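K.L.:
Need a 3D model of the sequence below.
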Amino acid sequence: MLTAEDGQASETPSIIVKDVECAIGGRRIFNGLNLAVARGRITAIMGPSGTGKTTLLRLITGQVRPDRGQVLVNGVDVANLRARDLYRVRLSMGVLFQEGALFTDLDAFENVAFPLREHTDLPEELLRTVVLMKLHAVGLRGAARLMPAELSGGMARRVALARAMALDPRILLCDEPFVGLDPISTGVVLRLLKGLNAALGMTTVVVSHDVAEVEAIADVTCILANGAIAACGKPAALREMSSPVVRQFMNGSPEGPVAFHYPARDYLAQLLE
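P.N.:
Numbering: from 1, shown residues only. Coordinates of the predicted model:
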């Protein structure tokens, strides 16, 4: 099994994906996927578009059930849990969704407060303290009463990160956290992810296409291709691997096994129909 470790971690992995097969809408996504994510590290999941990166996160959170195999989160197979038990396991996870996915009718304060109101019985005064602490950690305590429409893209992503951290999760899952951000906002989110991971000792999984950003924070990077993990290692080392698909992706080359065009009929024949 390919392991998302750098050789120093000895603890049981936080996440183990074992022999997973998964098809969605008749399309095979994974065919014998194996992965172990080291506890307390930042693991990046990368790969060409359509290889199942977001589907992997959905497997980890139990939104998608594999056709075969196991998905172990802190030793619990989420693929076989009843809804009530699955919700309990999800309390140990924070999710930073693509584009932030803030509730548009709630201000920044109430977006961060939402999981606390749903899953705890904190008195209002203590809840307020926790929310302001989370917003302060991402530099937005002063924006607590701004609505999502009043936030820039980078600010919205930081509020979403504060919400993901509201319940002090043991695992943080980030789906394309850098998409659409300017260089300053990207740098801020990078520092936040790295700083929070180091300070809290949690396990962070980052799905991203951004090779440069991943190199700045990831302890290890895993490349998804052809329904499985093609390689895991330090980002710099992946560039030198002999695997054509890994080298093509890491170097951004148009030439290689990953085709730009989706499979289609002959172009000229279709035009002349």
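K.L.:
Show me the shaky parts of the stretch 101-250 of the chain.
P.N.:
The model of the stretch 101-250 of the chain has pLDDT under 70 over residues 241-250.
K.L.:
can you pull the buried residues of the helix or strand where Glu215 lies?
P.N.:
According to DSSP states H and E, Glu215 maps onto helix 211-217. Residues 211, 213-215, 217 are the ones in helix 211-217 that count as buried (16 or more other C-beta atoms under 10 Å). (Each C-beta comes from the backbone N, C-alpha and C, glycine too.)
K.L.:
now do stretch 133-153
P.N.:
By neighbour count on 16+ other C-beta under 10 Å, the buried set for stretch 133-153 is 134-135, 137-138, 140-141, 143-144, 146-148, 151.
K.L.:
just so I have it, where are all the helices in the stretch 51-200 of the chain?
P.N.:
Under the criterion DSSP state H, counting those that start in this stretch, the stretch 51-200 of the chain contains helices at 53-60, 83-90, 108-119, 124-137, 153-164, 183-200.
K.L.:
Run through the residues that contact the residue lying closest to Arg90 once chain neighbours are set aside.
P.N.:
Of all residues not flanking Arg90 in the chain, Thr61 sits nearest, at 6.2 Å (C-beta to C-beta, 6 or more residues apart in numbering). The contact partners of Thr61, taken as C-beta atoms under 8 Å, 6 or more residues apart in numbering, are 78, 90, 93, 95, 173.
K.L.:
let's see 7 Å
P.N.:
Shown in contact with Thr61 (C-beta atoms under 7 Å, 6 or more residues apart in numbering): 90, 93, 95, 173.
K.L.:
repeat for Leu122
P.N.:
Leu122 touches 116, 130, counting by C-beta under 7 Å, 6+ apart.
K.L.:
cool, and Cys22?
P.N.:
29-30, 55, 59, 64, 66-67.
K.L.:
Could you grab the helix/strand/coil label for it?
P.N.:
Recorded secondary structure, Cys22: strand (DSSP: H, G, I helix; E, B strand; the rest coil).
K.L.:
Could you give the bridge partners of it?
P.N.:
Phe30 (DSSP bridges).
K.L.:
In terms of distance to Met202, which of the contacts of Cys22 ranks first?
P.N.:
Leu59 (19.4 Å; C-beta to C-beta).
K.L.:
Chain neighbours aside, what residue packs nearest to that closest one?
P.N.:
Distances taken as C-beta to C-beta, 6+ apart put Val71 closest to Leu59, at 5.1 Å, once the chain neighbours are dropped.
K.L.:
Could you tell me how far the helix holding Glu215 lies from the centre of the chain?
P.N.:
14 Å (C-alpha atoms, centre = their mean, to the nearest Å).
K.L.:
Identify the residues contacting the nearest residue to Glu21 once chain neighbours are set aside.
P.N.:
With C-beta to C-beta, 6+ apart as the criterion, Glu21 has its nearest non-adjacent residue at 4.2 Å, and that residue is Arg68. Listed by C-beta under 7 Å, 6+ apart, the contact set of Arg68 reads 19-21.
K.L.:
List buried residues within those.
P.N.:
Taking 16+ other C-beta under 10 Å as the criterion, what is buried in the contacts of Arg68 is Val20.
K.L.:
now the contacts of Arg68 in a markdown table, with distance to Leu272 and pLDDT?
P.N.:
Below are the contacts of Arg68 laid out as a markdown table (distance: C-beta to C-beta, whole Å; pLDDT from 0 to 100):
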| residue | distance to Leu272 | pLDDT |
| --- | --- | --- |
| Asp19 | 47 | 89 |
| Val20 | 44 | 89 |
| Glu21 | 40 | 88 |
